[in-house]
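A.B. asks: Whatever this is, show me its structure:
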Amino acid sequence: MSSAIERAVTAGDMPAIAANKARLIEAGALLGLLQADPDSWFEGDASDDLKAQVEALLTRRVEARAAKDWTAADAIRAELDALGVVVMDGPAGATWRMKD
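C.D. replies: Predicted coordinates:
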């Protein structure tokens, strides 16, 4: 099924993408998979306080990186790591998840 989605994406066939995605989610539901919101799943059992702390640290880290203060950015990443948070930098910015 995932290869059908990949072929549809490559071809730009939006109806086929939607249909195959629906089939994949349906199959996942039978197994109890793919039901959680991705952001919630990555955040794990993080409390609201921890989520707020992580978001504040990520904001400080973005500011440090923009100022090219790599020492501060690395220190903030280490602080996040100590909290059990994995930071993933990407083209759209940093995202995070709780360690396994």
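
A.B. asks: how's the protein carved up into domains?
C.D. replies: Here the domain parsing of the chain from automatic domain parsing is 2-31, 39-98.

A.B. asks: quick one: low-confidence ranges for this protein?
C.D. replies: Applying pLDDT under 70 to the chain picks out residues 1-2, 33-46.

A.B. asks: Where do the helices of the protein begin and end?
C.D. replies: 2-11, 14-31, 38-43, 48-66, 70-82 (DSSP state H).

A.B. asks: Check the burial of residue 22 by counting its neighbours.
C.D. replies: 10 (other C-beta atoms under 10 Å). Yep, even glycine has a C-beta here, placed from its N, CA and C like the rest.

A.B. asks: measure it to residue 62 for me?
C.D. replies: 36 Å (C-beta to C-beta, to the nearest Å).

A.B. asks: just residue 23 next, same as before
C.D. replies: Counting by C-beta to C-beta - residue 23 and residue 62 are separated by 38 Å.

A.B. asks: Just give the number of residues close to residue 3.
C.D. replies: With other C-beta under 10 Å as criterion, residue 3 counts 8.

A.B. asks: The one 5 residues further on now?
C.D. replies: Burial of residue 8 is recorded as 18 neighbouring residues (other C-beta under 10 Å).

A.B. asks: list the contacts for it?
C.D. replies: Residues near residue 8 by C-beta atoms under 8 Å, 6 or more residues apart in numbering: 14, 16, 17, 20.

A.B. asks: Could you find the closest non-adjacent residue to the residue nearest the centre of the chain?
C.D. replies: With distances taken as C-alpha atoms, centre = their mean, residue 95 lies nearest the centre of the chain, 5.3 Å away. Once flanking residues are discounted, residue 95 sits nearest to residue 88: 5.0 Å by C-beta to C-beta, 6 or more residues apart in numbering.

A.B. asks: Ok, residue 16 next?
C.D. replies: residue 8 (3.8 Å).

A.B. asks: separation between the one you found and residue 22?
C.D. replies: Distance from residue 8 to residue 22, by C-beta to C-beta: 12 Å.
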